[in-house]
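Q: what follows is a protein structure lacking sequence information:
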């Protein structure tokens, strides 16, 4: 399968060997070594540099799947194990969306500190925040402390979702870079499936919601220790050398050591040459100056920002967060009244999502981004019209809700799911990538939090909810 990086990049080097720093140039690709110069690497040595950052995505996905069942467990007067189980629709919305508001703050923090900390240390910080948030949520004696724990956990999500795609993109060999970036989305969905399974097993257990959230604790430990062991991104180290933020020779030597650790023995004695090529590339891409906010809103960089921000915005306002966070609740309304039955069907939803993500990863290079996006959007529009019709006119046909939900998830995973993050990790120049991804993640979690919070109060008014779904679909189709 041809990797993403073997295709011409959208952000290229303009005439005269200088980077325009914008999409739309027509000459040399932003990331070198993509067409003729294939990197030497050991397959084994690439596993851990992908796996540990991807755990940040898995923890995000797990939170989605676990919350779907936890909101049922926590409201059960028999198995919640608490005295404050009688939550209002607003409190349920806060419980579900609390981590997303935290992710919003995490995105803002990432925007300001990412280039200073570097990708590796940002991921280490996110694992620590994950750990604290998981513990506080699982052990919370009151509703307020539980929401605070969810909020802290969400800060870890915001940091991880910002740093993980950059670390993977900057450390992966060029031949498999696109595949690994797409597989990060696969890990998010795998986390959802694990969360749905954990919820299905624990939903009838007394205080089962505490165990559901507590599972994140050991996973965050593994992620933290793994990122501590991994080297920093050589590209980030050399970027600091180009920008004069340290001794250039010392940073070059550090970058060589990091590259050797990332590529394994297969790279042999060519690591100094590879580092010098990256240095040459960065110096000719005008990466020496710090990126400014104003640059993000100028020329074709603004076009790239609109594309990236638009993709992650439409990811959310189509209702994907509501479907995932409230999957068990939706299935209960569709006829699976027992909590255990609804959560078991949610597992099938997660499995379908995982399978369709795998299909998308395998065919994205063969079919291209645009055809998959257009086909997926068409399926999403039809399925959400059907789901809105169920809530408005066809409430006596619960099978319609189940079919519409499954079609919706399948089409989403063939389009917006993996392709959105893949594209925004590709289209920005290295010097602007940290801040650009920060803006994209900020838009993503802002829209995500609003949609997720709104679902619980709105489902009390199904007619208004269905009209909102229809409106979102019309906007999306346009």
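A: Now that the structure is in, tell me what you want to look at. As the structure is a prediction and not an experimental result, all values here were calculated from the model. Residues are numbered from 1 along each chain as shown.
Q: that's a strand at residue 269, yeah?
A: No: looking at residue 269 with DSSP: H, G, I helix; E, B strand; the rest coil, it is coil, so not inside a strand.
Q: report the buried residues of the helix or strand hosting residue 372.
A: Under the criterion of DSSP states H and E, residue 372 resides in helix 369-392. Applying a neighbour-count criterion of 16 or more other Cβ atoms under 10 Å, one finds 369, 372-373, 376-377, 379-392 buried in helix 369-392. Where you see a C-beta, it was placed from the backbone N, CA and C, and this is true even at glycine.
Q: could you pull up the contacting residues of residue 439?
A: Residue 439 makes contact with 111, 296, 305, 308, 309 under the criterion Cβ atoms under 8 Å, 6 or more residues apart in numbering.
Q: top of those residues by neighbour count?
A: Using other Cβ atoms under 10 Å as the neighbour test, the contacts of residue 439 are led by residue 308, with 25 neighbours.
Q: what sits closest to that residue if chain neighbours are left out?
A: residue 424 (3.8 Å; Cβ to Cβ, 6 or more residues apart in numbering).
Q: just the helices in the stretch 301-450 of the chain please.
A: Using DSSP state H, counting those that start in this stretch, the helices of the stretch 301-450 of the chain run over 320-325, 327-333, 339-367, 369-392, 398-414, 416-424, 430-458.
Q: tell me which of the ones you listed sits nearest to residue 278.
A: helix 430-458 (9.9 Å; Cβ to Cβ).
Q: the closest one to helix 416-424, inter-axis angle?
A: With axes from the mean of the first three to the mean of the last three Cα atoms, to 10 degrees defining the directions, helix 430-458 sits at 160 degrees from helix 416-424.
Q: what about helix 430-458, distance to the chain center?
A: Helix 430-458 has its C-alpha centroid displaced from the chain centroid by 10 Å (Cα atoms, centre = their mean, to the nearest Å).
Q: tilt between that helix and helix 369-392?
A: Using the same axes, to 10 degrees: helix 430-458 against helix 369-392 is 10 degrees.
Q: next one: residue 396 from residue 390, what distance?
A: Using Cβ to Cβ, to the nearest Å, we find residue 396 at a distance of 9 Å from residue 390.
Q: cool, residue 310 as well?
A: Taking Cβ to Cβ, one finds residue 310 at 29 Å from residue 390.
Q: what does residue 221 give?
A: Relative to residue 390, and taking Cβ to Cβ, residue 221 is found at 42 Å.
Q: before we move on, the earlier item: count the neighbours of the residue nearest to residue 308 for me.
A: Using other Cβ under 10 Å: residue 424 sits among 24 other residues.
Q: rewinding a little: may I see the helices of the stretch 301-450 of the chain organised as TSV, with mean pLDDT and distance to residue 45 added?
A: Shown next, in TSV, are the helices of the stretch 301-450 of the chain (pLDDT from 0 to 100; distance: least, Cβ to Cβ, whole Å):
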stretch	mean pLDDT	distance to residue 45
helix 320-325	70	34
helix 327-333	71	38
helix 339-367	79	21
helix 369-392	82	29
helix 398-414	81	30
helix 416-424	74	23
helix 430-458	74	23
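Q: which one of those helices lies nearest to residue 245?
A: Nearest of these (Cβ to Cβ): helix 430-458, 12.8 Å.
Q: so what's residue 454 closest to, chain neighbours aside?
A: Here the residue nearest residue 454, using Cβ to Cβ, 6+ apart, is residue 93, at 7.1 Å.
Q: and for the one you found, the neighbour number?
A: Residue 93, neighbours per other Cβ under 10 Å, totals 23.
Q: please identify the helix or strand for it.
A: helix 89-117.
Q: just put the helices of the stretch 301-450 of the chain in JSON lines and tack on distance to residue 236.
A: JSON lines is the format used below for these (distance: least, Cβ to Cβ, whole Å):
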{"stretch": "helix 320-325", "distance to residue 236": "31"}
{"stretch": "helix 327-333", "distance to residue 236": "38"}
{"stretch": "helix 339-367", "distance to residue 236": "26"}
{"stretch": "helix 369-392", "distance to residue 236": "26"}
{"stretch": "helix 398-414", "distance to residue 236": "31"}
{"stretch": "helix 416-424", "distance to residue 236": "18"}
{"stretch": "helix 430-458", "distance to residue 236": "9"}
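Q: residue 117: which of these is closest?
A: Of all the helices of the stretch 301-450 of the chain, helix 430-458 comes closest under Cβ to Cβ, at 9.8 Å.
Q: residue contacts, residue 361?
A: 179, 182, 183, 185, 186, 418.
Q: hmm, 7 Å instead?
A: 179, 182, 183, 186, 418 (Cβ atoms under 7 Å, 6 or more residues apart in numbering).
Q: relative to helix 430-458, how tilted is the longest helix seen in the chain?
A: As assigned by DSSP state H, the longest helix anywhere in the chain is helix 43-73. Put simply, helix 43-73 runs at 20 degrees to helix 430-458, going by the same axes, to 10 degrees.
Q: residues of helix 43-73 that come out buried?
A: For helix 43-73, the neighbour count (16+ other Cβ under 10 Å) marks 45-46, 49-73 as buried.
Q: please state the offset of that helix from the chain centre?
A: The answer for helix 43-73 is 10 Å, by Cα atoms, centre = their mean.
Q: again with stretch 234-252
A: So, by Cα atoms, centre = their mean, the centroid of stretch 234-252 is 28 Å from its chain's centroid.
Q: now the end-to-end length of that stretch.
A: Stretch 234-252 has its terminal residues 9 Å apart, counting by Cα to Cα, to the nearest Å.
Q: show the average pLDDT along that stretch.
A: For stretch 234-252, mean pLDDT rounds to 83.
Q: surely the residue nearest to residue 308 meets residue 313?
A: No: look at residue 424 against residue 313 with Cβ atoms under 7 Å: they stay out of range, at 11.4 Å.
Q: ignoring the adjacent residues along the chain, who's closest to the most centrally placed residue in the chain?
A: With distances taken as Cα atoms, centre = their mean, residue 161 lies nearest the centre of the chain, 5.0 Å away. Leaving aside its sequence neighbours, residue 161 sits nearest to residue 441 (Cβ to Cβ, 6+ apart; 5.5 Å).
Q: returning to what we had before: what packs against whatever helix or strand comes next after the helix holding residue 93?
A: For helix 89-117, the succeeding helix or strand toward the C-terminus, using DSSP H and E, is helix 119-139. The elements that helix 119-139 packs onto, with contact taken as 3 or more Cβ pairs under 7 Å, 6 or more residues apart in numbering; DSSP states H and E, are helix 43-73, helix 89-117, helix 143-171, helix 208-214, helix 216-229.
Q: swap in 6 Å and give it another go.
A: helix 43-73, helix 143-171, helix 208-214, helix 216-229 (3 or more Cβ pairs under 6 Å, 6 or more residues apart in numbering; DSSP states H and E).
Q: now the angle between helix 143-171 and the last one, please.
A: Meaning helix 216-229. 30 degrees.
Q: contacts made by helix 216-229 with the rest, please.
A: 52, 55, 59, 120, 123, 124, 127, 130, 131, 134 (Cβ atoms under 6 Å, 6 or more residues apart in numbering).
Q: and the nearest residue to the first one once chain neighbours are set aside, how far from residue 356?
A: Which is residue 52. Nearest non-adjacent residue to residue 52, counting by Cβ to Cβ, 6+ apart: residue 226, 3.3 Å away. Residue 226 sits 28 Å away from residue 356, going by Cβ to Cβ.
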